[in-house]
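*Asks:* prediction below, plus the sequence it came from.
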Amino acid sequence: MGLITFLSDFGYRDHYVAAVKARILQLAPAVPVLDISHGIEPFNIAHAVHVLASVYQDFPAGTVHLVGVNDLGAPRAAWLAAAFQGHYFVTADNGLLPLLCDGRPEQVVVLGAGQAPTSSPTRDLLAPAAVRLAQGELLPELGAAATDVYQLLNRQLRLQDHRITGHVVHVDHYGNLITNITRTAVEVLGRSRPCTIHFARETVRDILPHFQAADPGEAVCIFNSQDQLCIGINQGNASELLGLHFDSQVDVRFPAETT
């Protein structure tokens, strides 16, 4: 018996999360369900991708990840189940899968062909598919192979000899700014050179081990547990104080090498 995780933009005030869990409980009382978050910003695919990508690999192989984000607001009414890196994902065809997998998953099928329309596809279509996968059914048993998946593309780093240009991809609960600049990119392009990080009108000259390594109120850069460059203010909200938000530009610069 597998594990189901549940991620949604349903919030915590209404009955929507409970309704989905009740459906899973009806279908498979023994299948464990673990909440990742239901505080995803409404319809925000980028937020959902960031949260899911940050944690799904920490779960055992074979885990089924049920995603109820923008489940009716997708460009077309279609829902998918997919396999990627030993995990399963069930979600609307809204661009989340290509962003999560940085392209196309290893295997994708279409769910609910011929099923009557529903006002709650996460409860009525995605949850039953997640249960079937958790109980050991194979993807081809859930539907026909998807021939066309709605595509959204991740922002790519711009690499030059002495500069990496990236962007903020998420602002967390504390106002910390998570970028798409990776430790690997800094180390490979930097070639052991010192670097400076530039954002807004600020310059930071060191990457520290954690936010509290700086003085209170001071801007600080770290690599998080996913090896992404992050900008914060010790005991402050970096997004508000620096005026930076999703998609704001961040540069890492290196001195020119001398011969």
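*Replies:* Looks like it arrived, so ask away.
*Asks:* what's the local residue count around the closest residue to Cys101 other than its chain neighbours?
*Replies:* Nearest non-adjacent residue to Cys101, counting by C-beta to C-beta, 6 or more residues apart in numbering: Phe84, 5.0 Å away. Where you see a C-beta, it was placed from the backbone N, CA and C, and this is true even at glycine. Look at Phe84: counted by other C-beta atoms under 10 Å, it has 19 neighbours.
*Asks:* got the contact list for Phe84?
*Replies:* Leu97, Leu100, Cys101, Pro105, Glu106 (C-beta atoms under 8 Å, 6 or more residues apart in numbering).
*Asks:* can you do 10 Å?
*Replies:* Tyr56, His65, Leu97, Leu100, Cys101, Asp102, Gly103, Arg104, Pro105, Glu106, Gln107, Val108 (C-beta atoms under 10 Å, 6 or more residues apart in numbering).
*Asks:* give the buried subset of these as a PyMOL selection command.
*Replies:* Per 16 or more other C-beta atoms under 10 Å, the buried members of these correspond to this PyMOL selection:
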select buried, resi 56+65+97+100+101+105+108
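*Asks:* out of the contacts of Phe84, which comes closest to Pro209?
*Replies:* Tyr56 (25.4 Å; C-beta to C-beta).
*Asks:* how about the closest one, what does it touch?
*Replies:* Thr5, Leu7, Ile36, Thr63, His65, Phe84, Gln85, Gly86, His87, Phe89, Leu100 are the contacts of Tyr56 under C-beta under 10 Å, 6+ apart.
*Asks:* please repeat the previous calculation with a cut-off of 8 Å.
*Replies:* Per C-beta under 8 Å, 6+ apart, neighbours of Tyr56: Thr5, Thr63, His65, His87.
*Asks:* and the lengthiest strand in the chain, what other elements does it pack with?
*Replies:* Ranked by number of residues, the top strand in the chain under DSSP state E is strand 163-171. Where contact means 3 or more C-beta pairs under 8 Å, 6 or more residues apart in numbering; DSSP states H and E, strand 163-171 is packed against helix 45-55, strand 158-160, strand 177-182, helix 183-190, strand 228-233, strand 249-253.
*Asks:* ok, 10 Å please
*Replies:* In this structure, strand 163-171 packs against helix 45-55, strand 158-160, strand 177-182, helix 183-190, strand 196-199, strand 228-233, helix 238-242, strand 249-253, with contacts taken as 3 or more C-beta pairs under 10 Å, 6 or more residues apart in numbering; DSSP states H and E.
*Asks:* most neighbours, which of the contacts of Tyr56?
*Replies:* His65 (24 neighbours).
*Asks:* name the element it belongs to?
*Replies:* strand 64-68 (DSSP states H and E).
*Asks:* what mean pLDDT does stretch 211-223 get?
*Replies:* Mean pLDDT, computed over stretch 211-223, is 92.
*Asks:* put the alpha carbons of it into CSV.
*Replies:* Taking Å, rounded to 0.1, in the frame of the first residue of the first chain, the C-alpha atoms of stretch 211-223 are listed here in CSV:
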residue,chain,number,x,y,z
PHE,A,211,20.6,33.6,7.8
GLN,A,212,21.4,34.1,11.4
ALA,A,213,25.1,34.3,10.6
ALA,A,214,24.5,37.9,9.7
ASP,A,215,23.7,40.7,12.2
PRO,A,216,20.0,41.5,12.7
GLY,A,217,18.6,43.7,9.9
GLU,A,218,21.5,42.8,7.6
ALA,A,219,21.0,41.4,4.1
VAL,A,220,22.4,37.9,3.7
CYS,A,221,22.8,35.3,1.0
ILE,A,222,22.8,31.5,1.6
PHE,A,223,22.3,28.3,-0.3
